[in-house]
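1. quick check, what structure comes out for this input:
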Amino acid sequence: MRLTRVYLDTELQTGSSIELARDSASHLAKVLRARAGDELILFNGQGGEFSAVIEAVRGSRVTVGVGAARHSDRESPLQITLIQCVPRGDRMDFVVQKATELGVARIVPVLSQRSVVRLDSSQTASKRLHWQAVAVSACEQCGRNRLPQLEAAQPLLTYLGSLDPAAPDALRWVLEPDDESQHPPDGQSGIAVNAVEFAIGPEGGFAPQELEAFELCGFTRIGLGPRVLRTETAAIAGIVMLQTRFGDMQSAMR
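-> As a prediction, the model looks like this:
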């Protein structure tokens, strides 16, 4: 039976007792009907995980005893930075969830010229906290022991302005579904790729001036086939393509 995984934003030490955070405790007690003696897995997002046993359940309060630590590295060797224009509604939740499950190391939400979504400083902060919670839940589900780095939403040109175009430390691609876009190189072509920055536009695509800014920062335009994908579909398709060609999904395709 697969054990429930619980994230704790604290140091974990074998032999200690910890009271779980309210949300996690309530889910265990009220939804999963956990009882004293049930086994769990704890992780704090810094790598590795700990066995644990529930010591007591009192209403919505749950205390656990921390057991032995064990090393379990489920991170991809390919460091993917997803630069994602924030879509409407709850689609960004979907992107963050699936990008986390697929092993993305860093997520940078951006707002571009054609973005429908606009955020003030208060909304930016609350959205970041919300998306971090989505990423935590995804890590609990998929088995990752490290949380992806999740940036605060920012204007696209602000992010591009922070990059060094002269010395990129990653392959840089921007998705642009037109006839002039290049096809991504094959993972068996002999090209060693350790890190990729991959940019996905908003519902209306990137503006011409933004594509020029990408090019000045060393990004190459690529396409993902003959069909125009929704922004959230393009993000997932792009990540799977990268992991299959350069990351930890290569072996699954052999």
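
2. show me where the chain has strands.
-> Applying DSSP state E to the chain gives strands spanning 4-7, 17-19, 39-43, 49-58, 61-70, 79-85, 106-111, 149-150, 154-155, 171-175, 195-200, 220-222.

3. tabulate the CA atom coordinates of the first one in PDB.
-> Spelled out, it's strand 4-7. Output of strand 4-7 as PDB, limited to C-alpha atoms (Å, rounded to 0.1, in the frame of the first residue of the first chain):
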ATOM      1  CA  THR A   4       0.600   9.100   2.400                       C
ATOM      2  CA  ARG A   5       3.200  11.800   1.900                       C
ATOM      3  CA  VAL A   6       3.100  15.000   4.000                       C
ATOM      4  CA  TYR A   7       5.200  18.200   3.400                       C
END
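
4. I'd like to know which elements that strand is packed against.
-> The contact analysis (3 or more C-beta pairs under 8 Å, 6 or more residues apart in numbering; DSSP states H and E) places strand 4-7 against strand 39-43, helix 121-142. Every residue, glycine included, has its C-beta placed from N, CA and C.

5. where's the nearest residue to residue 51 once chain neighbours are set aside relative to residue 61, distance?
-> Spatial nearest neighbour of residue 51, excluding adjacent residues (C-beta to C-beta, 6 or more residues apart in numbering): residue 67 at 3.7 Å. Distance of residue 67 to residue 61, given as C-beta to C-beta, to the nearest Å: 20 Å.

6. between those two, which has more neighbouring residues?
-> residue 67 (17 against 13; other C-beta atoms under 10 Å).

7. go ahead and confirm the more buried one touches residue 13.
-> No. Between residue 67 and residue 13 there is no contact under C-beta atoms under 8 Å: 10.7 Å.

8. thinking again about what came up before, check the residue nearest to residue 51 and give its pLDDT.
-> Residue 67 is assigned a pLDDT of 93 by the prediction.

9. make 174 the starting number, not 1.
-> Let's use 174 as the start, then, which means that last one is residue 240.

10. give the contact list for it.
-> 187, 223, 224, 225, 226 (C-beta atoms under 8 Å, 6 or more residues apart in numbering).

11. in contact with the first one: list those residues for me.
-> By C-beta under 8 Å, 6+ apart, residue 187 lies in contact with 223, 239, 240, 241, 242.

12. can you give the domain ranges for this structure?
-> 177-243, 252-426 (automatic domain parsing).

13. in the chain, which helix or strand is least confident?
-> Sorting the helices and strands of the chain by mean pLDDT, DSSP states H and E puts helix 195-199 at the bottom, at a mean of 89.

14. what packs against it?
-> Checking 3+ C-beta pairs under 8 Å, 6+ apart, helix 195-199 ends up next to strand 234-243.

15. show me which residues of the strand it packs on are buried.
-> Within strand 234-243, the residues scored as buried using 16 or more other C-beta atoms under 10 Å are 235, 237, 238, 239, 240.

16. same question, stretch 200-212
-> In stretch 200-212, counting by 16+ other C-beta under 10 Å, buried: 200, 201, 202, 207, 211.

17. check contacts around the closest residue to residue 403 other than its chain neighbours.
-> Spatially, and ignoring its direct neighbours in sequence, residue 403 is nearest to residue 376 (7.6 Å; C-beta to C-beta, 6+ apart). Residues counted as contacts of residue 376 (C-beta under 8 Å, 6+ apart) are 260, 261, 287, 289, 403, 404.

18. now residue 376. Its backbone dihedrals?
-> The phi/psi pair for residue 376 (degrees, to the nearest 10) reads phi -60, psi -40.

19. and it, what's its pLDDT?
-> 85.

20. got it, and residue 246?
-> Residue-level pLDDT assigned to residue 246 equals 83.

21. and if you look at the one 5 residues further on?
-> We have a pLDDT of 94 for residue 251.

22. do residue 356 as well
-> At residue 356, pLDDT is 61.

23. again, but for the one 3 residues further on
-> pLDDT recorded at residue 359 is 57.

24. quick check, central residue of this structure?
-> By C-alpha atoms, centre = their mean, the chain has its centre lying nearest to residue 273, at 3.3 Å.
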